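Asks: with the input below, show me the fold.
(one chain, ligands or ions: 2)
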Amino acid sequence: MTSAESATRNGVDAATAEAEGSGLSPWSALVGVPHVDVAPHPGPITAEIALPGSKSYSNRALLCAAMAEGRSTLTGLLRSDDSYWCAESLRRLGAGVTVDGTTVTLDGIGRRRPRPEARLYIGSAGTTARFLPGLLAAGGPGAFTLDASRQMRGRPMASLLLALRRMGADIDCPETPDAPPLTIRGVSMLGGPVRMSGALSSQFISGVLMAGPLALNGVHVMIDDHVVQKDYVAMTLDMMEQFGAVVEADPDLTDMRVETGGYRPADIALEADASTATYFFALAAVTGGTVTVTNVGTETRQPDLRFIDVLERMGCRVVRAPGAVTVAGPADGRLRGGLDVDMRPLSDATLTLAAIAPFADGPVSIHGVAHIRKHESDRIAVICAALAALGVSVEERPDGLTVHPGRPSSGVMETHDDHRVAMALSVLGVAAEGVRLLEPGCVSKTCPPFFDLLADLGIGVTRG
Ligand SMILES: O=C(O)C1=C[C@@H](OP(=O)(O)O)[C@@H](O)[C@H](O)C1
Ligand SMILES: C=C(OP(=O)(O)O)C(=O)O
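Replies: Ligands and ions are numbered 1, 2, ... in the order given. You can find the predicted model right below:
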């Protein structure tokens, strides 16, 4: 990262964010903006749009490139809080990270640890929080501290830490059991076989797999139950292979082996973020418009692209191509309800679906997403409360919700430091009476330009 990149021009000063336990970063937008008003949009939204890079691929690629010995080049990087803190952690570890726009040149360190007492801060990034501990424990000698934002300190880590410790990892939690800050000793994790649960987070599984190439014995992961959002594990294995790792997995991803042997550098073009795309497809759906996202398509492994299948069930017309997707709102102008959707494989899109559900002609039920109560906020509780506050009838269940048809009123909404709450409620506001979002800068976790992109579509956005 160049010094210009770490300056405070647009975002917050990194040292201040870290001292305050915030997830914001020098790449944040809307810092200090107390609220944003999103206006209702009178007509159909029709646009072609290229979206920022995938968070999941950006952070996987940064980590794999840093753990390779030699130079990698990544293009299409997502410049957001989560990727800033990932890149910054790797720089503090001694990797050479130069970011120029959305291109990263990364001189990896392999198993070497040039700064064996590094103190790392990963902000609110679940990916880095779950992927880095294993890489540190399996890599070269050193005693590292890994800290996280207040929000991330409260998210689950226990089954990941248990699995890593079973493979020898020396990881302590000096402040709170099974929560950052973590102290991690290098060369402690030898690897080998381990049984794990994937019922709470797929990231735990990815975190163990990614450590495999650095561990003396590789890793052999056996899943005891099921993996929520299994496609993210497939994305991990894919990216690892692109960086030269040798992996073997059964089709169900319940038995996976990774050989020791390290990572090799690679040049990777990162695709756009399919989770971000869901908000733009949803805008087409609720306004009777047509939106084409030009840089993610059916070739992706990102599960959230399957949100288009849900929209199709709701009466939207979808045109699929390998590198682009078009969604058009229903020809008769009314979304179809009366469906019950298992959102477990694509749970980041749950809030997008909940936000458009009031506009359907029958109830929309969502199930299978109990684990999203442990994401950036208790997402089921938060979206139910938000819909109810806007006058929409909603039933909350432990693993989902049912939303009934109704026209939401306008309102002043908390965003709960959750980017997906802010982005989903924006879509709802556009389709109904508008909405005021408090602390809108939280969108910077995965899409700092979100409100600029809305404005580019002709939507009224006013900063408070
Ligand atoms: O590995 C990844 O990149 C992700 C995995 C998912 O998390 P969980 O499996 O913890 O739900 C997803 O919600 C998150 O946004 C990104
Ligand atoms: C759950 C999410 O993030 P994280 O990578 O922090 O888990 C998300 O982006 O919706």
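
Asks: for the stretch 251-400 of the chain, which segments count as helices?
Replies: If you assign secondary structure with DSSP state H, counting those that start in this stretch, the helices in the stretch 251-400 of the chain sit at 274-287, 307-313, 350-356, 379-389.

Asks: now those helices as JSON lines including distance to ligand 1 and mean pLDDT?
Replies: Heads up, the C-betas are built off the backbone N, CA and C, glycines and all. What follows is the helices of the stretch 251-400 of the chain, written out as JSON lines (distance: least, C-beta to the nearest ligand atom, whole Å; pLDDT from 0 to 100):
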{"stretch": "helix 274-287", "distance to ligand 1": "7", "mean pLDDT": "98"}
{"stretch": "helix 307-313", "distance to ligand 1": "13", "mean pLDDT": "98"}
{"stretch": "helix 350-356", "distance to ligand 1": "10", "mean pLDDT": "99"}
{"stretch": "helix 379-389", "distance to ligand 1": "10", "mean pLDDT": "98"}
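
Asks: what residues does the stretch 301-450 of the chain have near ligand 1?
Replies: Residues of the stretch 301-450 of the chain lying close to ligand 1 (C-beta under 6 Å from any ligand atom) are S347, D348, H371.

Asks: out of these, which touch ligand 2?
Replies: Filtering those for neighbours of ligand 2 using C-beta under 6 Å from any ligand atom leaves D348.

Asks: how close does the residue lying closest to D273 once chain neighbours are set aside sit to N217?
Replies: The spatial neighbour of D273 that comes closest, neighbours along the chain excluded (C-beta to C-beta, 6 or more residues apart in numbering), is S54 at 4.3 Å. The span separating S54 from N217 equals 31 Å under the rule C-beta to C-beta, to the nearest Å.

Asks: compare those two (neighbour count), which wins?
Replies: Taking other C-beta atoms under 10 Å, S54 and N217 do not tie; S54 has more neighbours (30 against 16).

Asks: contacts only, for the more buried one.
Replies: Applying C-beta atoms under 8 Å, 6 or more residues apart in numbering to S54 gives the contacts L78, L270, E271, A272, D273, A274, V296, Q302.

Asks: hmm, 10 Å instead?
Replies: The contact partners of S54, by C-beta atoms under 10 Å, 6 or more residues apart in numbering, come to 60-61, 76-78, 83, 235, 270-277, 295-296, 300-302, 304, 446.

Asks: PyMOL command for the buried members of the residues you listed?
Replies: Listed next is the PyMOL selection for buried residues among those, using 16 or more other C-beta atoms under 10 Å:
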select buried, resi 60+61+76+77+78+83+235+270+271+272+273+274+275+276+277+295+296+300+301+302+304+446
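
Asks: quick check: which of the contacts of S54 are also close to ligand 2?
Replies: Contacts with ligand 2 within the contacts of S54, counted by C-beta under 6 Å from any ligand atom: T446.

Asks: show me what from the stretch 101-250 of the chain comes close to ligand 1.
Replies: Residues of the stretch 101-250 of the chain lying near ligand 1 (C-beta under 6 Å from any ligand atom): G126, T127, S201, S202, Q203, S206, V228, Q229, Y232.

Asks: want to try a markdown table for those residues, with secondary structure and neighbour count as columns?
Replies: Listed next are these as a markdown table, based on DSSP: H, G, I helix; E, B strand; the rest coil; neighbours: other C-beta atoms under 10 Å:
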| residue | secondary structure | neighbour count |
| --- | --- | --- |
| G126 | helix | 24 |
| T127 | helix | 24 |
| S201 | coil | 24 |
| S202 | helix | 26 |
| Q203 | helix | 25 |
| S206 | helix | 28 |
| V228 | coil | 21 |
| Q229 | coil | 24 |
| Y232 | helix | 22 |
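
Asks: which among the residues you listed are in contact with ligand 2?
Replies: With the criterion set as C-beta under 6 Å from any ligand atom, the members of those near ligand 2 are G126, T127.

Asks: now the residues of the stretch 101-250 of the chain next to ligand 1 in JSON lines, with pLDDT?
Replies: Output for those, formatted as JSON lines (pLDDT from 0 to 100):
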{"residue": "G126", "pLDDT": "98"}
{"residue": "T127", "pLDDT": "98"}
{"residue": "S201", "pLDDT": "98"}
{"residue": "S202", "pLDDT": "98"}
{"residue": "Q203", "pLDDT": "98"}
{"residue": "S206", "pLDDT": "98"}
{"residue": "V228", "pLDDT": "96"}
{"residue": "Q229", "pLDDT": "96"}
{"residue": "Y232", "pLDDT": "98"}
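
Asks: which SSE is N10 in?
Replies: Of the helices and strands defined by DSSP states H and E, none includes N10.

Asks: does it touch V31 like I think?
Replies: Yes. With contacts counted by C-beta atoms under 10 Å, N10 reaches V31, the gap being 7.5 Å.

Asks: more neighbours: those two, which one.
Replies: Neighbour comparison, N10 and V31: the larger count goes to V31, with 18 against 15 (by other C-beta under 10 Å).

Asks: which one (most neighbours) among the residues of the stretch 301-450 of the chain next to ligand 1?
Replies: For these, the largest neighbour count, defined by other C-beta under 10 Å, is 27 neighbours, found at D348.
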